[in-house]
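J.: Based on what follows, work out the 3D shape:
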Amino acid sequence: MYRLSRIRFLFPIGLFIAFFLDGSFSKVFANQFFSFPYTMVSQLVLLWLVLAYFFEADIKIPLYGFAVIVGALTDLYYAGVFGLFIVLYPLMVWVTKTLAGLFN
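T.: Next up is the predicted model:
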């Protein structure tokens, strides 16, 4: 079903936009995000992946594959430590699927 739907194109485009907005928000709002008593890090990619699980309905999106790819891009572009987000993004998708099965 994923192969025949429009979400085949819209989901990766939205993920790509969220990937670049993470860095853009951190740059533009650096004074507000990283000021002394509190620190906030933009994680729109993680939000996109978690919400994709809840809104996929009958269309099965390959979330683990997308999570690994965007995790590798995040590691290479933003983090500087290769392997951190490659593990964390698929792990968060798995935790979301596990917890969603426990709650109605």
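
J.: which SSE is the closest residue in space to Tyr77 that isn't next to it in sequence in?
T.: Of all residues not flanking Tyr77 in the chain, Gly23 sits nearest, at 7.4 Å (C-beta to C-beta, 6 or more residues apart in numbering). All C-beta atoms are positioned from the backbone trio N, CA, C, and that covers glycine. Element membership for Gly23, per DSSP states H and E: helix 7-28.

J.: which residues of the protein score low on pLDDT?
T.: The chain contains residues with pLDDT under 70 at 1-5, 57.

J.: Could you rerun that using 80?
T.: Counting by pLDDT under 80, the chain shows low-confidence ranges at 1-8, 40-41, 56-59, 79, 104.

J.: which residues in it form helices?
T.: All helices of the chain, identified by DSSP state H, fall at 7-28, 30-33, 44-55, 63-74, 84-102.

J.: Would you quantify the distance from Lys97 to Thr39?
T.: According to C-beta to C-beta, to the nearest Å, Lys97 and Thr39 sit 29 Å apart.

J.: likewise Val68?
T.: Counting by C-beta to C-beta, the gap from Val68 to Thr39 is 27 Å.

J.: and what of Leu21?
T.: Per C-beta to C-beta, Leu21 is found 18 Å from Thr39.

J.: higher neighbour count, these two?
T.: Taking neighbours as other C-beta atoms under 10 Å, Leu21 and Thr39 compare with Leu21 leading, 15 against 8.

J.: What residues of stretch 42-61 count as buried?
T.: Residues 42-46, 48-50, 52, 59, 61 are the ones in stretch 42-61 that count as buried (16 or more other C-beta atoms under 10 Å).

J.: Keeping just the C-alphas, turn it into CSV.
T.: The C-alpha coordinates for stretch 42-61 follow below in CSV (Å, rounded to 0.1, in the frame of the first residue of the first chain):
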residue,chain,number,x,y,z
SER,A,42,15.1,21.2,18.6
GLN,A,43,14.2,17.6,17.7
LEU,A,44,11.7,17.9,14.9
VAL,A,45,13.0,14.8,13.2
LEU,A,46,12.2,12.7,16.2
LEU,A,47,8.7,14.3,16.4
TRP,A,48,8.1,13.5,12.7
LEU,A,49,9.1,9.9,13.2
VAL,A,50,7.0,9.4,16.3
LEU,A,51,3.9,11.0,14.8
ALA,A,52,4.3,9.1,11.6
TYR,A,53,3.7,5.9,13.6
PHE,A,54,0.4,7.2,14.9
PHE,A,55,-0.8,8.6,11.6
GLU,A,56,0.2,5.8,9.2
ALA,A,57,-3.2,3.9,9.5
ASP,A,58,-3.4,1.3,6.7
ILE,A,59,-0.2,2.5,5.0
LYS,A,60,2.8,0.8,6.4
ILE,A,61,5.7,3.3,6.2
